[in-house]
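Peer 1: Just the structure for this:
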Amino acid sequence: MLWYFTPYIHLCKLRKLPLMEVLESVKKDFGSIAILVHSLANGPEVTKPLLETSRNGYLAAISASSYSFVSLLKHFLPLINPGGATVSLTYISSIMDHIG
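Peer 2: Numbers count the residues shown, from 1 in each chain. Here you go, the predicted structure:
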């Protein structure tokens, strides 16, 4: 039931709580989870159009996004039910440029 996780999305995004604090809250409130959803992490140049992004800016964003999924999975794996799932989301500009 997705709506139960809305407070945790807001805790992570708006309050920038440490991962361990969110993990403990989820463990206390739910015990285990069936799915873990990760969205891309931020980078220094994410507000720029794709073709204006420098190589260093792109690498910083992709590195942060990729590693944040690994870190999230590492910490939450003990809470994921057997047969559970993980999903990592990206954004459309990572695969195509918006023209016009």
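
Peer 1: longest strand of the chain?
Peer 2: In terms of residue count, the longest strand belonging to the chain (DSSP state E) is strand 80-88.

Peer 1: pull the CA atoms of that strand into CSV?
Peer 2: Only the C-alpha atoms of strand 80-88 are listed here, as CSV (Å, rounded to 0.1, in the frame of the first residue of the first chain):
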residue,chain,number,x,y,z
ILE,A,80,13.1,-6.7,2.2
ASN,A,81,10.8,-9.7,2.2
PRO,A,82,12.0,-12.9,0.5
GLY,A,83,11.0,-12.5,-3.2
GLY,A,84,10.8,-8.7,-2.7
ALA,A,85,11.8,-6.2,-5.4
THR,A,86,14.0,-3.1,-5.9
VAL,A,87,13.4,-0.4,-8.6
SER,A,88,15.8,2.3,-9.5
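
Peer 1: Not counting it itself, show me its contacts.
Peer 2: With contact meaning C-beta atoms under 8 Å, 6 or more residues apart in numbering, strand 80-88 is reached by Ser32, Ile33, Ala34, Ile35, Leu36, Val37, His38, Ser39, Phe69, Leu73. C-beta coordinates here come from the backbone N, C-alpha and C atoms, glycine included.

Peer 1: And that strand, what's buried?
Peer 2: Buried residues in strand 80-88, counted by 16 or more other C-beta atoms under 10 Å: Ile80, Ser88.

Peer 1: if we can go back for a sec, of the contacts of strand 80-88, buried ones?
Peer 2: Ile33, Leu36, His38, Phe69.
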